[in-house]
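[1] Generate coordinates for the sequence data below:
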Amino acid sequence: MRRVPGRVMVTVALLLVGAPGCGGDSPPSSAAVSSTAASSTRTHGATPNLDASLGIGASVAQYRRDEAVGVVQLKAVAGPDTPPRIVTSAQLRWDGMTPVPPVEVATALTSGRRVDLPAPLGAAACGPLGDVEPGDSPKAPPLGDGAIRLTLDAPGERRGVTRTVDAPLLPSSEAPLRRIFEHDCQRQSMRRAVEVGLSSRWRRSDTGGIPTAEGTLVLTRGATDQPISIASVNGSVLLNLSLADGDQPTMAPGRERLEVPVRVTSSGRCDGHALGGSSQTYALQAGIDIGGDGDPIGVTLSPDDDGRALFARVIADACDHS
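    Numbers count the residues shown, from 1 in each chain. From the prediction side, this is the model:
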């Protein structure tokens, strides 16, 4: 899903996306990835001062399964002299993201170890987007004073005796945070021009005996007076998405809304590897051309729960008949 050529992928999801994942489907083991926070930072750049955070550094990652549900992994990395603690809450604090309430956890952190703490993700703090082209992004801010704020309990202490520390973001956080920020700002700048989504109205229509769901792709005009076209649509590993009429419809200047009939069928992949390993089954794709320059912006379309349920039945019925 890219501008062709050269534009970075932009995710427009009905779920929160942050955007378009980094890494594989599964996170690495929570066992130590380095013996100390300092040794981890020596690999990536200058070591932040960890004196005030009990020797705990922090980093951020987002895996494919996380992206689909709008979360990130907040990683706390303990140094060799970090006393044993129980992490009871965690919150990302960085100028590039809108803060969200801390996530409550109950995870042991001991010296030389790393723990991954799944947490919800706020929207990117993109600033004014009036001069940003649809599908583009302002530059992400530096790590600066970014940190993961941790609430810690000491094992054996009575409940309610806590300590709060700001674990500085290690340099390894810069690339994933920049990607998350830029993808979400691309989404936001795109949505200023046009909102792209799937209607909640789906019906089963097995034309020719092929399990099929029929619905509509909806474009709603925003802050642009240019023509907006659907240049292409694509499915996922398990699903095909197609335009019911087969053409490339355009929303002319002055028109505020365009509904385009679409069909969803099984891709025909019924092997166990595909059925069991697909992590973004319902992430469907569309290429949107704004201004008729032939340079489409890729967007991701996510159906609502009813749509997902119907698509799952389409896959199951197609595989039962194969």
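
[2] Where do the helices of the stretch 151-300 of the chain begin and end?
    174-193, 272-277 (DSSP state H, counting those that start in this stretch).

[3] mean pLDDT for the ones you listed: which is lowest?
    Lowest mean pLDDT of the helices of the stretch 151-300 of the chain: helix 272-277, a mean of 83.

[4] buried stuff in it?
    Buried residues in helix 272-277, counting neighbours by 16 or more other C-beta atoms under 10 Å, are found at Ala274. Backbone N, C-alpha and C define where each C-beta goes, glycine included.

[5] what residues are up against the spatially closest residue to Pro296 that is not a sequence neighbour?
    Nearest residue to Pro296 in three dimensions, chain neighbours excluded: Gly287, at 3.5 Å (C-beta to C-beta, 6 or more residues apart in numbering). Contacts of Gly287 were listed using C-beta atoms under 8 Å, 6 or more residues apart in numbering, and they are 1, 4, 230-233, 296-299.

[6] Next: Glu256.
    Here Glu256 is in contact with 220-221 (criterion: C-beta under 8 Å, 6+ apart).

[7] Going along the chain, name the strands of the stretch 201-322 of the chain.
    With DSSP state E, counting those that start in this stretch, the ranges of strands along the stretch 201-322 of the chain come out as 203-204, 212-221, 228-234, 239-243, 250-251, 257-266, 284-290, 297-301.

[8] quick one: the third one to strand 212-221, angle?
    By that I understand strand 228-234. Here strand 228-234 runs at 150 degrees with respect to strand 212-221, directions being taken by axes from the mean of the first three to the mean of the last three C-alpha atoms, to 10 degrees.

[9] same thing with the last one?
    On the basis of the same axes, to 10 degrees, strand 297-301 is oriented at 130 degrees to strand 212-221.

[10] which other helices and strands contact strand 297-301?
    Contacting strand 297-301 under the criterion 3 or more C-beta pairs under 8 Å, 6 or more residues apart in numbering; DSSP states H and E are the following elements: strand 194-198, strand 284-290.

[11] try it again with 10 Å
    Contacts of strand 297-301 with other secondary structure elements, assessed using 3 or more C-beta pairs under 10 Å, 6 or more residues apart in numbering; DSSP states H and E, are made with helix 174-193, strand 194-198, strand 228-234, strand 284-290.

[12] quick one on the thing from earlier: now the contacts of Gly287 as a markdown table including pLDDT?
    Shown next, in a markdown table, are the contacts of Gly287 (pLDDT from 0 to 100):
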| residue | pLDDT |
| --- | --- |
| Met1 | 37 |
| Val4 | 37 |
| Ile230 | 94 |
| Ala231 | 92 |
| Ser232 | 93 |
| Val233 | 95 |
| Pro296 | 87 |
| Ile297 | 87 |
| Gly298 | 87 |
| Val299 | 89 |
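
[13] Just the buried residues out of those residues, in PyMOL syntax.
    Entered in PyMOL, the line below selects the buried ones among these, by 16+ other C-beta under 10 Å:
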select buried, resi 1+230+231+232+233+296+297+298+299
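
[14] Which of the contacts of Gly287 sits closest to Thr98?
    When the contacts of Gly287 are compared for distance to Thr98 (C-beta to C-beta), Val299 comes out closest, at 21.6 Å.

[15] Helix or strand next in line after the helix or strand Ile86 falls within, which one?
    The secondary structure element spanning Ile86 is strand 85-93 (assigned by DSSP states H and E). Of the helices and strands lying after strand 85-93 in sequence (DSSP H and E), the nearest is strand 103-109.

[16] Could you check that next one and say which residues are buried?
    For strand 103-109, the neighbour count (16+ other C-beta under 10 Å) marks 105, 109 as buried.

[17] other SSEs contacting that strand?
    The criterion is 3+ C-beta pairs under 10 Å, 6+ apart, and the helices and strands that strand 103-109 contacts are strand 71-78, strand 85-93, strand 114-120, strand 147-153.

[18] List of residues touching that strand?
    Contacts of strand 103-109 from elsewhere in the structure, counted by C-beta atoms under 10 Å, 6 or more residues apart in numbering, are 30, 54, 56, 71, 74, 76-78, 82-92, 115-120, 150-153, 155.
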